[in-house]
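Q: coordinates for the following, if possible.
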Amino acid sequence: MSFSHLLFGRRLANREAKGTKIGAFAGLAAMGLDGLSSIAYGPEATLTVLMPLGAMALGPLVPITGAVLALLIVLYFSYRQTIAAYPKGGGSYTVAQENIGHSAGLLAATALMLDYVLNVAVGISAGIAALVSAAPTLQPLTLPLCLAVLAVLTLVNLRGTREAGLIFAVPTYLFIGTLIVVVAIGLTKTIVAGGEPSPLISPPPIPDGTATLGLWLILRAFASGCTAMTGVEAVSNGMTAFKEPTQLHARRTLSAIVGILTLVLAGVVLLSRAYRIGAMNQADPGYQTMLSQLTGAVVGHGIFYYVTLGSILVVLALSANTSFTGFPRLCQMIAVDGYLPRAFAIPGRRLVYSVGILFLTGSAGILLVAFDGITDRLIPLFAVGAFLAFTLSQSGMAVHWWRARREDKGSLSSLAINGFGAIATGAALAIIIAAKFVEGAWITVIVIPLAFLLLSAIKRYYDRLSSRLRTGKIDFTEREPPIVLIPIERWDRLVDKALRFALQLSPDVIAIHLVALEGDDAEDRSASLRKRWASAVEAPLKKLGVPVPRLVQIQSPYRQLAEPLIKLVRETEAENPKRSIAMLLPVLVTTHWWERLLHPNRTTMLQKAVLKACDKRVGVIIVPWHLEADETTDPPGNPARQLHQTIAG
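A: Down below sits the predicted model:
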C-alpha cells in the first residue's frame, strides 16, 4: 500500500460516484455544523456588543435573539422553496444568475466564497477558544492549534464528502445531545426556582455598565447575532452531494438544522439571562465562553461538563466542514462557467474537487495567521457575504416565481415567501454593514468587489482564448516535413534515440552542440564529437542513401543555453519562411525522487523559452528515454545502474 493510498484512500472510478452521496443522517454532520456551531458563538457575539451595559445587557439579549430567530424561520421557508425549484443545485449563484443576470450571480458567488472562507476561520478559532476555556494553559498555543485543526479537516475532506460526514456524525450528535440535556436541566431548574436558579458553579461577575441602551447599540448587537444564520444556505448549495431522492434528503437535512438551532439557541439565551452569564474578552487570562459558564452553572464541573465542552470544542472546530463541503462545489460551478481556473472543475482521486479544498485551506490559513486565531477579531468580517448571498438568492427566487405565476397557480404564495425573505435579509444586510463597518466589515466590503473584478477578468480571458482558438476549414495543402533541430550536450543514448526519431520525421535534421567552455579541453571535446559524428552518423547513413543530418557547433561564452538556440531558430525561420520547425528535446525520465535531484531540469526552461520567443511555426517535441526501462539491457558495470543499486539499498 502506497503512502498516498493510506493517507487519502484508494482512487475512485467515475462509476463509484453514487456511493459517495449522502443522506440526511450524514448530511446533518456534513452541512449542518456551520449553523449548529453558531449556538456557541452567536449569542456570545450579541452579548459582547451589549456588555458595556453591564448587568443590563441581559435584558435586550432575549428580544434581539428573538428577532434573529424570526429571520432564521423566514430563511428556512425561503430555502425550502429554493430546494424545490432547483433540486439539482440551487445555490445563490445559480438562482441569481438564472433569474437576475450573470453579474448578480457572480456577485452572489464572490460573497459566498468569502463567507465560506470566513466560516472556516471563525469556526476553528471558536473551537480552540472553547478548548482554552477548559484548559487555560493552552492559550499561548491558540494559533498553532487552529492551524493543526485546519490541516486535519483538509485531510479528511480530501478523502471524500461521505467519509467526512460519517466521521463527524459522532461528535455532531454528541454535541446536540449534550446541549439539549444542559438546556433541559437548566430550564427545569429555572422553572422550579421561579426564574432565579442557583448556579452550581457561579459564573464570573458581570462588570459595571459604562453605557446606556440605544438604538445604535441594539442594531450592532442584532448584526453580531446574525452570525447564527450563516450556513443555512449550505444545503441548497450542496444539492449534488445528496443521494436520490435529493430533494427529500435535502429538505430533511435543512429542517433538522433549523429546528435544532432554533430550540437550542432559544434555550441557551433564556438560561444565560436566568443564570446571569456575561461575555468575556477572549484575550484575557481565565477566559471562558458563555457555554462553558452556562454548563458549569447548570451541571457543575463534573464529567458531564468536560464531555459537553469536549463536544462543543470538536463541533466548533469541525463546523468548518460545511465550507469544505460547499466551497469546492461552488467553485466547480463557477469554473465550468469560466470564472475560475478550469482546475477547480476537475474531480480528484476521491471524486471531490481537490483544488477547491486546497484553495479554501490556504485562504483560511492566511486569515487565521493574520488575526492570530482570535474569534472576536474575525466576527466583524463575518455575515456580510452570507447576507448578501441570502438577499440575491431570495430576490432571484422572487423573480423566478413571478415569471411562473401564469403556469403555476401556487407560485404566488412562494413569491410572497421569497419576496419577504429578500426584503428581510436585505434590511439585515444594511444593518450589518452599517453596524460592523468600522469594526472590520469594511474589509469585506472592499474584498467582494475586488474578487468580482478578478473573476470577471478570468472569464474575459477564457472568452478571448475560446474565440482565438475557434477554427474553420483545416488547410491540408502544406505537407512538407519540418526542419528538425536537436540540441545535444554530449554523445549518449539519449542522442541516439533522438536522432532515430528525428530521421523518421524529416530528412532535414540539424544537431546543435553548444560549446560552453574555452581552451584546449573544449577544443578536444568538440573534435571528439565531430569524429564520433562522422563515424557513427554520417558514414552509416550515406551507405543507406539517407540524407545526413548536419552537426552545428555554437560557441556560448556565457554558458547560456536558451539564447544561442533561439538565435539559431530565428535564423532558420528567416531562411525557410514557408516551413515548420520542430525543436526536438531528448529527456531523461527518472523513476525515483532522489534521481530528479541529481539531474538539472533544463528541458522545461528551454521549452518555455523557445515557445515564448519564436514564431508560431516552431513546435517542441519531447523524446523520453526511460532509465528504469533500460536497466535490464545495461552492462553490469554501468555507473548509472551501480548508483541506483547503491542508493536503493
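
Q: do a quick rundown of the strands in the chain.
A: All strands of the chain, identified by DSSP state E, fall at 483-488, 509-515, 550-555, 581-589, 618-626.

Q: let me know which of these is tucked in deepest.
A: strand 483-488 (a mean of 23; mean count of other Cβ atoms under 10 Å). In short, each C-beta sits where N, CA and C put it, glycine included.

Q: and the angle for that one with strand 509-515?
A: On the basis of axes from the mean of the first three to the mean of the last three Cα atoms, to 10 degrees, strand 483-488 is oriented at 30 degrees to strand 509-515.

Q: what's strand 483-488 in contact with?
A: Contact with strand 483-488 is made by 495, 498-499, 502, 505-506, 508-514, 549, 561, 565, 568-569, 572, 576, 579-586, 606, as judged by Cβ atoms under 8 Å, 6 or more residues apart in numbering.

Q: what about the residue nearest to residue 48 when sequence neighbours are not counted, neighbour count?
A: Nearest residue to residue 48, sequence neighbours excluded (Cβ to Cβ, 6 or more residues apart in numbering): residue 279, at 4.3 Å. Neighbours of residue 279 under the rule other Cβ atoms under 10 Å: 23.

Q: I'd say residue 279 and residue 290 touch.
A: Yes. In this structure residue 279 lies within contact range of residue 290 using Cβ atoms under 8 Å: 6.3 Å.

Q: identify the contacts common to the two.
A: By Cβ under 8 Å, 6+ apart, the residues touching both residue 279 and residue 290 are 44, 47.

Q: so how far does stretch 281-288 reach from one end to the other?
A: In stretch 281-288, first residue to last residue: 9 Å (Cα to Cα, to the nearest Å).

Q: and the strands of the chain: which comes nearest residue 205?
A: strand 581-589 (71.7 Å; Cβ to Cβ).

Q: that closest one vs strand 509-515, what angle?
A: Computed by the same axes, to 10 degrees, the angle between strand 581-589 and strand 509-515 is 60 degrees.

Q: elements contacting strand 581-589?
A: If you count contacts as 3 or more Cβ pairs under 8 Å, 6 or more residues apart in numbering; DSSP states H and E, strand 581-589 packs onto strand 483-488, helix 493-505, helix 562-575, helix 603-613, strand 618-626.

Q: and stretch 174-193, how far out from the chain's middle?
A: Mean-position distance between stretch 174-193 and its chain equals 38 Å (Cα atoms, centre = their mean, to the nearest Å).

Q: ok, and for it, which residues are buried?
A: Taking 16 or more other Cβ atoms under 10 Å as the neighbour-count basis, stretch 174-193 is seen to contain the buried residues 174-176, 178-179, 181-183, 185-187, 189-190.

Q: please apply the same query to stretch 491-500.
A: Buried residues in stretch 491-500, counted by 16+ other Cβ under 10 Å: 494-495, 498-499.

Q: repeat for stretch 454-469
A: Neighbour count says stretch 454-469 has 455, 458-459, 462 buried, by 16+ other Cβ under 10 Å.

Q: same deal with stretch 342-360?
A: Within stretch 342-360, the residues that count as buried by 16+ other Cβ under 10 Å are 344-345, 347-357, 359-360.

Q: equivalent analysis for stretch 138-146, please.
A: 139, 142-143, 145-146.

Q: out of the residues you listed, list just those in helices.
A: Using DSSP state H, 142-143, 145-146 are the members of those that sit in helices.

Q: between all of these, which two are separated the most?
A: Spatially, the most separated pair among those is 143 and 145, at 7.3 Å (Cβ to Cβ).

Q: what touches both of the two?
A: Shared contacts of residue 143 and residue 145, counting by Cβ under 8 Å, 6+ apart, come down to residue 373.

Q: closest one to residue 594 out of the buried residues of stretch 491-500, please.
A: residue 494 (20.0 Å).

Q: rewinding a little: would you list the buried residues of stretch 174-193 in CSV and tack on distance to residue 244 and pLDDT?
A: Below are the buried residues of stretch 174-193 laid out as CSV (distance: Cβ to Cβ, whole Å; pLDDT from 0 to 100):
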residue, distance to residue 244, pLDDT
174, 29, 89
175, 29, 88
176, 26, 89
178, 33, 92
179, 32, 92
181, 35, 94
182, 37, 93
183, 36, 93
185, 41, 94
186, 41, 93
187, 40, 93
189, 46, 93
190, 45, 92
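
Q: pull the helix or strand with minimum mean pLDDT from the protein.
A: The weakest-scoring helix or strand in the chain, judged by mean pLDDT, DSSP states H and E, is helix 639-648 (a mean of 40).

Q: just the pLDDT at residue 1, thanks.
A: Per-residue pLDDT puts residue 1 at 49.

Q: typo on my end, it should be residue 456
A: 94.

Q: residue 222 and residue 178, how far apart?
A: 28 Å (Cβ to Cβ, to the nearest Å).

Q: actually residue 62, not the one I typed
A: Counting by Cβ to Cβ - residue 62 and residue 178 are separated by 23 Å.

Q: can you check residue 620 too?
A: Residue 620 is 63 Å from residue 178, by Cβ to Cβ.

Q: now residue 326
A: According to Cβ to Cβ, residue 326 and residue 178 sit 26 Å apart.

Q: over to residue 489?
A: 69 Å.

Q: try residue 314
A: From residue 314 to residue 178 the distance is 11 Å (Cβ to Cβ).

Q: residue 56 too?
A: Distance, residue 56 to residue 178, using Cβ to Cβ: 31 Å.

Q: next: residue 565.
A: According to Cβ to Cβ, residue 565 and residue 178 sit 70 Å apart.

Q: before we move on, what about residue 138?
A: Distance check for residue 138 against residue 178: by Cβ to Cβ, it reads 21 Å.

Q: just residue 390 next, same as before
A: In terms of Cβ to Cβ, residue 390 sits 30 Å off from residue 178.

Q: how about residue 395?
A: Residue 395 is 39 Å from residue 178, by Cβ to Cβ.
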